[in-house]
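In: based on what follows, work out the 3D shape:
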Amino acid sequence: MAGFKRMRISKAVAAKDGQARIRGWIYRKRSSGGKLFVVIRDNSGTIQCVADKSAISAKEWEKADAAYLESAVEVAGTLKADARAPGGAELEVKSISVSNSKEQFPITEYQSPEFLLDVRHLWLRSARMSNIMKARSHLFRYAREFLDKQGFFEITPPLITKSGGETGADMFEVNYFGQKAYLTESSQLYAEAMIYSLEKVYSFAPSWRAEKSRTVKHLAEYWHLEPEMAYYNNAKSMALQERLVSHMAARLAKNDRDILEAVGADAAALEKIRPPFKRISYDKAMEILQQKGSHKVWGDDFGVEEEKLLTEDEEKPIFVHNMPKDLKAFYMPISKKDPRTVECADMLAPKGHGEIIGGSERIGDYDQMVARMKEKGLVLENYKWYLDTLKYGAVPHAGFGLGMERVIKWMLGLDHIRDAIPFPRVINRVEP
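Out: Residues are numbered from 1 along each chain as shown. A predicted model of the protein is given here:
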């Protein structure tokens with residue numbers, strides 16, 4: 001294949017003439033009248049390659065003709081424009097090399113969701129999953145670029161802990177050299193410790209929740225973006241959250257329209273995601289729910305159905321703020337306006353996609369924190385190091401946690417959160 005310029009498939013399709021050498025995997029293949037029509041894919045796109053039996057060696061023809069879908073190939077040939085071909089160009093094959101073609105690819109056109117989860121390691125090669133994973137990677141980058149421009153520092157907290165981040169319940173226990181420890185459900189407490197040196201920080205790491213939930217928005221392992229900010233209150237935190245989410249939506253709509261189109265997502269809807277977002281109190285939210293026929297009463301938490309009722313007519317996310325203190329974590333300060341509630345806010349995505357961010361002010365007073373911990377029945381010894389941070393120069397602060405897979409599910413319009421992560425961990429699945 002000497003003399004043929006190595007190209008990504010997207011560049012070859014765009015060129016439409018000249019000579020090119022590409023490599024990738026067989027996406028589709030058929031033969032007709034001494035010709036092979038082979039569609040090759042790489043991570044940039046697909047191109048149809050046409051091999052004439054008389055134009056390549058007998059050995060090359062035999063291997064190419066026998067090759068299974070998803071065989072790895074390298075092809076050299078001449079590019080030409082052809083309106084009938086995918087992308088408007090095809091490659092006339094001069095040489096083709098096939099490798100790693102052991103057996104028939106197990107995924108055919110129609111398969112059950114459970115089977116596709118069983119062979120997730122192979123299903124990730126599909127065009128749909130490839131596009132979702134590209135969007136996922138881009139959204140991770142867009143989130144980081146926004147926070148970096150706001151003067152945040154990224155930190156790397158431990159993921160094995162003796163401290164519960166929110167409730168202390170529903171955590172995966174691990175044997176840590178004979179000690180009882182847990183996979184973290186949140187890196188928040190460690191991020192809070194670091195605001196006293198860096199002021200504005202964020203962690204971007206996995207979190208684990210051992211909730212026995214079977215909804216379309218729950219994962220046992222997910223990626224958690226957790227900023228913490230010194231001298232912020234709940235209102236200032238909400239303003240930051242809506243700017244972050246708007247930035248991610250705008251960048252995705254502008255830079256990745258081809259991906260959005262490929263997965264059936266609505267770029268125009270994402271362009272409308274601009275601040276400010278609607279803010280409603282828990283009290284107001286409860287009124288809305290009851291007007292819509294919900295039987296929920298004050299003090300009840302919101303589930304999937306309530307979140308859907310609150311957002312079904314919305315085009316942008318909304319905030320529900322000042323939730324009952326009994327529903328929320330120990331570190332949230334009690335509201336001065338209504339001592340039944342705490343200074344917090346949940347961001348709910350539109351059209352029933354549910355909560356994507358939970359945030360609040362954090363208690364900055366040692367005695368208040370101890371009192372709340374005791375009220376919640378926590379073991380103070382497990383939080384000794386965290387309580388130390390409140391003894392020495394504590395300041396008002398706030399923070400939030402954003403579930404990346406929930407954001408991806410919403411922005412790409414996915415039916416289930418399991419498709420927002422490469423290898424989903426849910427209550428009934430821990431492999432592949």
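In: where does the prediction get shaky in the protein?
Out: Low-confidence segments of the chain (pLDDT under 70): 1-2, 164-169.
In: how many neighbours does I40 have?
Out: By the criterion of other C-beta atoms under 10 Å, I40 has 26 neighbours. Any C-beta I mention is one placed from the backbone N, CA and C, and that applies to glycine too.
In: am I right that K212 is in a strand?
Out: No. Counting by DSSP: H, G, I helix; E, B strand; the rest coil, one finds K212 to be coil, located in no strand.
In: how near is it to I427?
Out: Computed as C-beta to C-beta, to the nearest Å, the K212 to I427 distance reads 6 Å.
In: so which of these two has more stuff around it?
Out: Neighbour tally, K212 and I427, criterion other C-beta under 10 Å: the higher count belongs to I427, 13 against 9.
In: residues in contact with that one?
Out: 212-214, 220 (C-beta atoms under 8 Å, 6 or more residues apart in numbering).
In: identify the farthest-apart pair in those.
Out: Greatest spacing in the contacts of I427, by C-beta to C-beta: R214 and A220 (11.1 Å).
In: who touches both of those two?
Out: 426-427.
In: pull the number of nearby residues for the nearest residue to W208 once chain neighbours are set aside.
Out: Spatially, and ignoring its direct neighbours in sequence, W208 is nearest to L183 (4.1 Å; C-beta to C-beta, 6 or more residues apart in numbering). Look at L183: counted by other C-beta under 10 Å, it has 18 neighbours.
In: how near is L183 to R125?
Out: 30 Å.
In: find the residue at the geometric middle of this protein.
Out: Geometric centre of the chain, nearest residue: E405, 3.1 Å, by C-alpha atoms, centre = their mean.
In: how near is that one to E242?
Out: Relative to E242, E405 is positioned 20 Å away (C-beta to C-beta).
In: just H416 next, same as before
Out: Distance of H416 to E242, given as C-beta to C-beta: 26 Å.
In: between these two, who's got more neighbours?
Out: Ranked by neighbour count (other C-beta under 10 Å), H416 and E242 place E242 first, with 20 against 13.
In: my read is I356 is in a helix, agree?
Out: No. Applying three-state DSSP, one finds I356 to be strand, outside a helix.
In: R214 and A220: who's more crowded?
Out: Legend: neighbour count by other C-beta under 10 Å for R214 and A220, higher for A220 (21 against 9).
In: quick check: the more buried one vs K212, distance?
Out: Distance, A220 to K212, by C-beta to C-beta: 9 Å.
In: thinking again about what came up before, now, among the contacts of I427, which is nearest to G377?
Out: Of these, the one sitting nearest to G377 (C-beta to C-beta) turns out to be K212, at 21.0 Å.
In: and the strands in the stretch 101-250 of the chain?
Out: For the stretch 101-250 of the chain, the strands defined by DSSP state E, counting those that start in this stretch cover 153-155, 160-161, 173-176, 179-183, 200-208, 221-230.
In: could you give the bridge partners of the closest residue to R6 other than its chain neighbours?
Out: Leaving aside its sequence neighbours, R6 sits nearest to R21 (C-beta to C-beta, 6+ apart; 4.9 Å). Taking DSSP bridges as the rule, R21 bridges to R6, A76.
In: what's R21 in contact with, if anything?
Out: With the criterion set at C-beta under 8 Å, 6+ apart, R21 makes contact with 1, 4-7, 74-76.
In: PyMOL command to pick out the buried ones of the residues you listed?
Out: To isolate the buried members of the contacts of R21 in PyMOL, using 16 or more other C-beta atoms under 10 Å:
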select buried, resi 4+7+74+75+76
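In: using a markdown table, lay out the contacts of R21 together with distance to S44.
Out: Output for those, formatted as a markdown table (distance: C-beta to C-beta, whole Å):
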| residue | distance to S44 |
| --- | --- |
| M1 | 19 |
| F4 | 18 |
| K5 | 15 |
| R6 | 13 |
| M7 | 9 |
| E74 | 15 |
| V75 | 15 |
| A76 | 18 |
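In: any idea which of the contacts of R21 is closest to K292?
Out: K292 has its nearest neighbour among those in M7, at 55.9 Å by C-beta to C-beta.
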